[in-house]
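**Student:** sequence and predicted structure are below.
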Amino acid sequence: MNRLKSWQEYQEEAADFFRSIGLEAETDVRLQGARTTSDVDVLVTQEMAGFEVRWIVECKHWKTAVNQLHVFGLREIVQDLGADRGIILCEAGFQKGAGEAAALTNVQLASIAHLKAQAAQDVFRYRLTEIFDRCVRAKDQYWEIPKGTRIKFGLRGDYDPTVRNRGQILEGAIGILGRAMRGAFPITIDHVDAMYLGLPWISFLSPQALFEALEPEVEEAEVLIAQAIDAHPEFRLQ
């Protein structure tokens, strides 16, 4: 049987999340504002361009949804402390009035589960840019290798339909990744790219799903290119 978390553990989980994405986080902090002193569940800070950015995080380890009064209260605290943002975390959700009270303000409503999921997708967005750079380099290497050598090392099949053309795979991946890097999700793979990449003709709903589909294809192309270059170092790009 799983033990229920205490409110202190919920605070520490929140602080650990912010630390995991490179921010400073302290729990149970007392801060003096312009008018009064406030006890803050989690204080998140970051140095940016010589200025300190401060977020005030309230952790509601509740079984019921947060109402608008708590949003109004945090807005007052954020203003009094001169903070940049206020965040209310609650896994039980928020009442409609709370969402309306937070709209167009510097108070954000979320859950730790949502923040973790969003952070994971942000990581995969970054990894897609890495794959894009790998594809561009691999494509340049591919075209430095003579056609006969590409055929010999399985980089293209010429008239052999059982061997996939790695140049077409890389070109297709570069086009798809270019769309992904512009945030164009969901991304639908057209039937030509799907055929070249060996992927289903479907829509990818998230950066993670696209990364997991493309990365093995790119890695396989890189391995074959490396084998061809190792056998013929004169084809290596400087």
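**Tutor:** Sure, I can see it.
**Student:** what count of nearby residues applies to residue 115?
**Tutor:** 17 (other CB atoms under 10 Å). C-betas here are computed from N, CA, C, even on glycine.
**Student:** now it. Nearest residue, chain neighbours left out?
**Tutor:** Using CB to CB, 6 or more residues apart in numbering and skipping residues adjacent in sequence, the residue nearest residue 115 is residue 17, 5.9 Å away.
**Student:** just confirm the one you found is within a helix.
**Tutor:** Yes - the assignment for residue 17 is a helix, going by DSSP: H, G, I helix; E, B strand; the rest coil.
**Student:** okay, residue 183 and residue 77: tell me how far apart.
**Tutor:** The spacing between residue 183 and residue 77, counted by CB to CB, to the nearest Å, is 33 Å.
**Student:** over to residue 163?
**Tutor:** Counting by CB to CB, the gap from residue 163 to residue 77 is 64 Å.
**Student:** out of the two, which sits in the busier spot?
**Tutor:** Comparing residue 163 with residue 77 by other CB under 10 Å, the one with more neighbours is residue 77, at 19 against 14.
**Student:** quick one: that one and residue 37 touch, right?
**Tutor:** No - contact between residue 77 and residue 37 fails when scored by CB atoms under 8 Å: they sit 10.4 Å apart.
**Student:** what's the single longest helix in the protein?
**Tutor:** Ordering each helix of the chain by length in residues (DSSP state H) puts helix 112-144 first.
**Student:** name the helices or strands packed onto it?
**Tutor:** With contacts defined as 3 or more CB pairs under 8 Å, 6 or more residues apart in numbering; DSSP states H and E, helix 112-144 has these neighbours: helix 7-20, helix 166-181, helix 207-231.
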